[in-house]
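Trainee: return atomic coordinates for the entry below.
(one chain, ligands or ions: 1)
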Amino acid sequence: MRFSEYLVESTHQDDVHGLGQYTSQFLQHLSSPVGAHEHDHGIFEWTHPALEKDDGGKLKLKGETSVSAPSHPENYHLTLSHTGTGHAESNDHHVINALNAGHVVAMVYQRGKGIPHPTHVEDIKTGKRWRLTNGDDDDNTFDRHAKHGIPKGEGVVSGLKLKGVSNERAGAFANQVDPDGIIRINKPADTYTHAPAAPKEKKHLPKTQAIIDKGEAERPEGNLHQRIHHGLSKAFGEMQTDSPEVHAAKTKESLKAWHEFTKARGYSSKSRLDFMGSNGKTEKSTGEGVKTIGVGLAPHSLSGLDHFDVCPRSSTECRANCLGTEAGGNKQYPDSSLAGKVLRTHFMAFHPEHAARVMDHEITKHKEKAKKEGMIAGVRLNITSDMPYEKYARPMFDRHKDVQFYDYSKIHGRVMGQNK
Ligand code: SF4
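Mentor: Numbering: from 1, shown residues only. Here you go, the predicted structure:
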């Protein structure tokens with residue numbers, strides 16, 4: 001993206017000449033986790049005097065050290081998630097850009113009597129249409145083109161029927177399907193006046209609250225995203241050079257740290273809580289030859305730690321309908337299910353190096369199991385979060401080249417920098 005395009009998008013003005021006053025806003029964006037990530041990946045092609053390129057052609061803020069722009073890991077597939085149309089927080093324009101660039105986009109649609117199965121998504125401003133494929137059969141968004149015989153380079157939608165809540169409760173989160181089977185997007189921001197109904201008041205969750213209280217008391221100083229970035233890249237980097245003996249010893253220590261962390265927060269000492277697991281959706285991929293596990297963190301800011309949000313581009317609509325709180329076991333066992341997620345989030349934020357080694361251990365075991373069963377090993381790093389692991393844990397993807405990593409994301413900058 002060019003800086004001028006960024007200005008058009010963020011200021012909603014077509015003529016960006018003389019908009020130098022927006023530079024500070026842009027620089028602020030660059031220092032946020034999302035902006036820093038976009039900057040690092042060379043998402044912005046610079047056309048403004050506040051940034052320059054060094055001798056190697058890398059982007060840098062004037063007077064500061066240049067940053068590298070590593071290519072996106074080939075074994076990490078990202079699908080942009082639509083946030084619904086016709087409301088102020090809609091990401092229609094990013095979705096349309098991604099579809100035009102040949103990406104896969106995930107979209108939720110209304111279900112019910114008389115509502116047809118959608119076949120296409122249409123941009124109402126240009127009339128352009130893209131094919132909608134069934135995203136409910138499996139979770140393998142990385143093979144949408146091959147599975148449905150769609151040529152590479154053509155945008156495709158992975159359609160997901162609304163689950164867990166009613167159309168009324170979902171609000172704009174679920175797209176309307178017109179009687180001709182078309183989902184029409186790019187509607188004006190005030191078209192959808194039906195705000196999502198407020199979620200039912202949750203009962204006090206004692207287990208979760210106790211973990212949050214302990215976490216708040218022990219919260220390390222500083223920016224937790226930076227801490228995770230530093231810890232994960234350090235640990236996964238060391239794994240590249242550690243001898244098998246050293247690696248085994250460090251892994252043992254990290255598994256012990258995780259076990260003690262859970263025990264200190266009320267978990268039984270007999271069984272170790274897995275850091276990674278599966279859910280109903282990832283399990284559907286098994287039928288398609290992919291065995292998947294993933295990391296379920298506490299979505300957006302539900303880990304209760306001040307200034308820490310694992311979904312920096314979530315919307316009011318998606319937070320109200322997040323599968324991390326509204327689907328499956330979350331409804332049946334809201335306290336224990338959220339407690340497990342909060343626990344993982346705190347461990348990741350407080351002890352990222354240990355978390356990296358626990359993840360590495362579980363991914364390795366998972367690969368062995370998948371191999372025995374003649375399946376591809378799949379890993380979803382963000383089942384209920386949206387963290388840029390391609391930046392935070394870059395060496396992990398090289399270390400596990402035989403794993404198909406994949407995720408959904410609402411951060412368009414992450415998606416646009418990747419393989420399609
Ligand atoms: S995981 Fe985060 S971004 Fe995704 S639906 Fe939930 S709140 Fe929204």
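
Trainee: could you pull out the strands for the stretch 101-250 of the chain?
Mentor: Taking DSSP state E, counting those that start in this stretch, the strands of the stretch 101-250 of the chain run over residues 104-109, 120-123, 129-134, 156-161, 182-185.

Trainee: mind listing the strands the second one pairs with, and their directions?
Mentor: Using DSSP bridges, strand 120-123 pairs in its sheet with strand 129-134 (antiparallel), strand 182-185 (parallel).

Trainee: pLDDT below threshold where in the stretch 301-420 of the chain?
Mentor: Applying pLDDT under 70 to the stretch 301-420 of the chain picks out residues 328, 417, 419-420.

Trainee: switch the cut-off to 90
Mentor: The stretch 301-420 of the chain contains residues with pLDDT under 90 at 306-307, 312-337, 391, 411-420.

Trainee: up against the ligand, what does it have?
Mentor: 311, 314, 318-319, 322, 324, 384-386, 410 (C-beta under 6 Å from any ligand atom). Bear in mind the C-beta positions are built from the backbone N, C-alpha and C, glycine included.

Trainee: which of those fall within helices?
Mentor: Judged by DSSP state H, those include 318-319, 324 as members of helices.

Trainee: list buried residues within the residues of the stretch 301-420 of the chain next to the ligand.
Mentor: Among those, the ones that count as buried by 16 or more other C-beta atoms under 10 Å are 311, 314, 318-319, 322, 324, 384-386, 410.

Trainee: before we move on, the earlier item: so which of the strands of the stretch 101-250 of the chain is nearest the ligand?
Mentor: With C-beta to the nearest ligand atom as the measure, strand 104-109 is the member of those nearest the ligand (9.4 Å).

Trainee: for the closest one, C-alpha coordinates in PDB please.
Mentor: Provided in PDB are the C-alpha atoms of strand 104-109 (Å, rounded to 0.1, in the frame of the first residue of the first chain):
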ATOM      1  CA  VAL A 104      -9.600 -16.300   0.100                       C
ATOM      2  CA  VAL A 105     -12.000 -14.400   2.300                       C
ATOM      3  CA  ALA A 106     -14.200 -15.800   5.100                       C
ATOM      4  CA  MET A 107     -17.700 -14.500   5.500                       C
ATOM      5  CA  VAL A 108     -20.500 -15.400   7.900                       C
ATOM      6  CA  TYR A 109     -24.100 -15.400   6.500                       C
END
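
Trainee: average pLDDT across it?
Mentor: Strand 104-109 carries an average pLDDT of 96.

Trainee: roughly how far out does it sit from the chain middle?
Mentor: Distance of strand 104-109 from its chain centroid, counting by C-alpha atoms, centre = their mean, to the nearest Å, is 14 Å.

Trainee: hang on, the earlier thing: just name the most buried of the strands paired with strand 120-123.
Mentor: strand 182-185 (a mean of 22; mean count of other C-beta atoms under 10 Å).

Trainee: need the contact list for the residue lying closest to Val157 once chain neighbours are set aside.
Mentor: Nearest non-adjacent residue to Val157, counting by C-beta to C-beta, 6 or more residues apart in numbering: Leu132, 4.3 Å away. Taking C-beta atoms under 8 Å, 6 or more residues apart in numbering as the contact definition, Leu132 lies against 107, 118-121, 156-159, 183.

Trainee: how about a cut-off of 7 Å?
Mentor: 118-121, 157, 159, 183 (C-beta atoms under 7 Å, 6 or more residues apart in numbering).

Trainee: give me the subset of those touching the ligand.
Mentor: Counting by C-beta under 6 Å from any ligand atom, no member of the contacts of Leu132 reaches the ligand.

Trainee: with distance to Arg169 added, can I get the strands of the stretch 101-250 of the chain in TSV?
Mentor: TSV is the format used below for the strands of the stretch 101-250 of the chain (distance: least, C-beta to C-beta, whole Å):
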stretch	distance to Arg169
strand 104-109	13
strand 120-123	23
strand 129-134	23
strand 156-161	15
strand 182-185	19
